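**Student:** I would like the atomic coordinates for the input below:
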Amino acid sequence: MSQSLLQEFIVTELIDIAGPEDVSVAEVDRLVYSTDFFWLPQMWLDRGLRPPAPDVIVHPESTQEVARILQVASTHRIPVIPYGGGTGSQGALLPLYGGIMLDMKKMDRILKIDDQSFTVTAQPGINGQRLEDDLNARGLTLAHYPASQYGATLGGYLAARGSGTLSTKYGKAEDMVLALEVVLASGQAICPCRITRWVPDSSSSSWVRRARSASLPRPPCALSRSPRSGGFRPTSSRALQSV
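**Tutor:** Numbering: from 1, shown residues only. Next up is the predicted model:
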């Protein structure tokens, strides 16, 4: 089988899983997903060079779709890269060997906020600031404030084991996790996967599909920057909520 025919066959399999609206091989999409905030591909583009690009972009909408996509990738030995908000700066998203770019932003729901145990369960594609806003509306906070908060996703927080402004007090992203739903590279889904000591140190070992974590009490008044006013505003809260 020729390489082009094999690629067409694989794309057809992915369309059968996710639907034609969630699979793209368009040249413009492949170019967009070849970069994030890492300086190297930006330099290549500035100099008129073409950075490595994924062969296909897929937007899964459920754990089941993620599992089936990874089964296809495992069968054909295709690299897969998870894509959150595209705010990474260390080159983790650079598709050096092409493959499947798995954009998680359609899995963006908050599944449960437990006001009694102070936990929240959410999907990995939810935007960090949106999650924070929804928690603030309940008098809660995530207490994870990376510089990329307005663009990054929850899955990105965990994949990078990210830190933020208050991490020296509340811990890094992985320190807040109680349980994960993950899909292994083979396509096997594990739920729930309770976390006792650590989260995976890279997204190549397992794929986060859902996360739940603990929280701590927070002071009755805190200062947070308001993007609307450009200054600081007092924010009252009853407890700290984190994922």
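**Student:** Quick check: phi and psi at the residue nearest to residue 74 when sequence neighbours are not counted.
**Tutor:** With sequence-adjacent residues excluded and distances taken as Cβ to Cβ, 6 or more residues apart in numbering, residue 74 is closest to residue 186, at 5.5 Å. (Each C-beta comes from the backbone N, C-alpha and C, glycine too.) The phi and psi values for residue 186, taken as degrees, to the nearest 10, are phi -70, psi -10.
**Student:** Verify the contact between residue 186 and residue 71 for me.
**Tutor:** Yes. Using Cβ atoms under 8 Å, residue 186 is in contact with residue 71, at 7.3 Å.
**Student:** The two: who's more crowded?
**Tutor:** residue 71 (17 against 11; other Cβ atoms under 10 Å).
**Student:** What does the pLDDT read for the more buried one?
**Tutor:** Listed pLDDT for residue 71 reads 96.
**Student:** The residue nearest to residue 74 and residue 69, how far apart?
**Tutor:** 12 Å (Cβ to Cβ, to the nearest Å).
**Student:** Could you report the neighbour count for residue 116?
**Tutor:** Using other Cβ under 10 Å, residue 116 has 5 other residues around it.
**Student:** Check it and give its pLDDT.
**Tutor:** 85.
**Student:** Confirm it sits in a helix?
**Tutor:** No. Residue 116 is assigned coil when assessed by DSSP: H, G, I helix; E, B strand; the rest coil, not a helix.
**Student:** Spit out the contact partners of it.
**Tutor:** Residue 116 makes no contacts at all, as judged by Cβ atoms under 8 Å, 6 or more residues apart in numbering.
**Student:** roughly how far apart are it and residue 154?
**Tutor:** Relative to residue 154, and taking Cβ to Cβ, residue 116 is found at 22 Å.
**Student:** how about residue 121, secondary structure?
**Tutor:** strand.
**Student:** right, and it touches residue 131 too?
**Tutor:** No. In this structure, residue 121 is not within contact of residue 131 by Cβ under 8 Å, at 11.2 Å.
**Student:** For these two, indicate the residue with more neighbours.
**Tutor:** Each of residue 121 and residue 131 has its neighbours counted (other Cβ under 10 Å); residue 131 has more, 23 against 19.
**Student:** what sits up against the helix or strand where the more buried one lies?
**Tutor:** If you go by DSSP states H and E, residue 131 is part of helix 128-136. For helix 128-136, the surrounding residues in contact (Cβ under 8 Å, 6+ apart) are 85, 108, 110, 113, 120, 122, 141-142, 144, 146, 148-154, 156-157, 235, 237, 241, 243.
**Student:** Going through these, which ones are buried?
**Tutor:** Buried by 16 or more other Cβ atoms under 10 Å: 85, 108, 110, 113, 120, 122, 141-142, 144, 146, 148-149, 151-154, 156-157, 237, 241, 243, out of the contacts of helix 128-136.
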